[in-house]
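Peer 1: Structure for the following, please:
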Amino acid sequence: MKISWLGHSCFLLESVKGTKIITDPYEPGGYSGAIGYGPINIEPDIVTVSHQHSDHNFTRGFKRAKIIDKPRAERYKDVSIEAVESFHDDMKGRDRGNNIIFIFELEGLRLAHFGDLGTRELDFQNLKNLDIIMIPVGGTFTLGPKEAQEVVGRLKPKITIPMHFKTEKLGFNIEGKESFLRGKDFHKKDFLEVNTGNIKDYKPIVVLNHQR
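Peer 2: Numbers count the residues shown, from 1 in each chain. All right, here's what the predicted structure looks like:
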């Protein structure tokens with residue numbers, strides 16, 4: 001499969017059979033211009049939304065896509081999708097509400113997109129055997145670098161892809177990726193092409209360049 005990071009928490013997952021999944025689409029120019037990533041301009045088959053904030057739920061324009069914004073299991077062609085409920089904060093949702101972790105099974109791999117996860121208190125029983133995870137590391141509104149490292153250490157995925165951190169195109173007052181990466185071994189790529197045969201060839205962390 002091919003994994004591209006469009007920006008913020010938005011990824012494009014493409015299966016060998018051509019199924020396209022967009023995760024947490026942002027609103028270009030949202031939050032008074034703080035979201036500087038460009039329009040997504042992709043017609044996916046599936047769009048997942050972890051929670052209802054406009055930097056994660058901008059589904060306008062996806063005319064043919066199946067929108068999944070509730071914690072339920074789905075099957076679409078060659079993709080199985082599970083949902084694990086979590087929280088956007090460390091106060092059981094009292095501050096920022098709920099968050100959905102989506103688990104995708106395709107090409108023989110299990111991937112998890114953690115949305116705007118804000119707590120280390122997780123349903124780890126339903127988060128076993130993950131091959132690839134996409135996890136926020138910027139802090140303030142989500143896990144910070146230290147908390148994200150703790151979650152990664154417990155899950156032990158084969159590949160971790162950081163997301164939701166400060167870049168030159170994001171005006172949010174959050175941290176960059178540097179603290180999360182300090183002292184770590186990582187690859188830097190424009191996109192990730194991975195399967196069960198080559199996943200062991202990648203370093204434990206893969207940093208993707210945003211494509212928008």
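
Peer 1: Torsion angles phi and psi at the nearest residue to residue 7 once chain neighbours are set aside?
Peer 2: The shortest distance from residue 7 to any non-neighbouring residue, by C-beta to C-beta, 6 or more residues apart in numbering, is to residue 37 (3.4 Å). For every residue, glycine as well, the C-beta is placed using N, CA and C. Per-residue torsions, residue 37: phi -70, psi 140 (degrees, to the nearest 10).

Peer 1: Test my guess that residue 37 contacts residue 28.
Peer 2: Yes. Counting by C-beta atoms under 8 Å, residue 37 does reach residue 28; the two are 6.3 Å apart.

Peer 1: Who has more neighbours out of those two?
Peer 2: Using other C-beta atoms under 10 Å, the more surrounded residue of residue 37 and residue 28 is residue 37, with 21 against 16.

Peer 1: in the protein, which spans are helices?
Peer 2: Assigned by DSSP state H, the helices in the chain fall at 30-33, 145-155, 178-181.

Peer 1: From residue 171, how far out is residue 118?
Peer 2: The gap separating residue 118 from residue 171 is 20 Å, by C-beta to C-beta, to the nearest Å.

Peer 1: More neighbours: which of the two?
Peer 2: residue 118 (26 against 14).

Peer 1: for the more buried one, what are its contacts?
Peer 2: 87-90, 96, 99, 141-143 (C-beta atoms under 8 Å, 6 or more residues apart in numbering).

Peer 1: Which members of these are classed as buried?
Peer 2: Using 16 or more other C-beta atoms under 10 Å as the burial test, the contacts of residue 118 include 87-89, 96, 99, 141-143 as buried.

Peer 1: Okay, now the unreliable bits of the protein?
Peer 2: Along the chain, no part satisfies pLDDT under 70.

Peer 1: okay but residue 66 is in contact with residue 79, surely?
Peer 2: No. The pair residue 66 and residue 79 fails to qualify as a contact (C-beta under 8 Å) at a distance of 10.4 Å.
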